[in-house]
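Q: sequence? don't have it. structure:
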C-alpha cells in the first residue's frame, strides 16, 4: 500500500474515494481481474499500446511514469528477455 499511495501524495478524501471505487483489495484480485480492470498493463507490444491508449483516454493523462519488471527486480533472465 505504501508503494502505491505514499504518505502525503493523496488527500484523505482521495483515499476514501479510491477505496470505495475499487471492488476489493488489489491483493485479492486475480491476474486476469487486474488486467481486465486496467489496474495493470501487460501483454504483447500491440496489446500494451492499446491498453495505454485506453487508460490515457479514460483518465485524460498527459504524462505517465511507468516501471517495468526486469532482471534488476529479481525476475528470471529469460522472463526479462521475453518482456523486452
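A: Everything's here; your move. Quick caveat: nothing in here was measured; it's all calculated off a predicted structure. Numbering: from 1, shown residues only.
Q: Looking at the chain, which helix is longest?
A: helix 45-59 (DSSP state H).
Q: Next, the buried residues of it.
A: By neighbour count on 16 or more other C-beta atoms under 10 Å, the buried set for helix 45-59 is residue 51. The C-beta positions use only the backbone N, C-alpha and C, and glycine is treated the same way.
Q: Any chance you could list what contacts it?
A: When contacts are defined by C-beta atoms under 8 Å, 6 or more residues apart in numbering, helix 45-59 is touched by residues 38, 41-43, 61, 64.
Q: Apply 10 Å and report the result again.
A: Under the contact criterion C-beta atoms under 10 Å, 6 or more residues apart in numbering, helix 45-59 has outside partners 35, 38, 40-44, 61-62, 64, 66, 83-84.
Q: okay, these in TSV with distance to residue 12 next?
A: As requested, the contacts of helix 45-59 are exported to TSV (distance: C-beta to C-beta, whole Å):
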residue	distance to residue 12
35	30
38	25
40	26
41	28
42	31
43	35
44	39
61	23
62	26
64	25
66	27
83	37
84	40
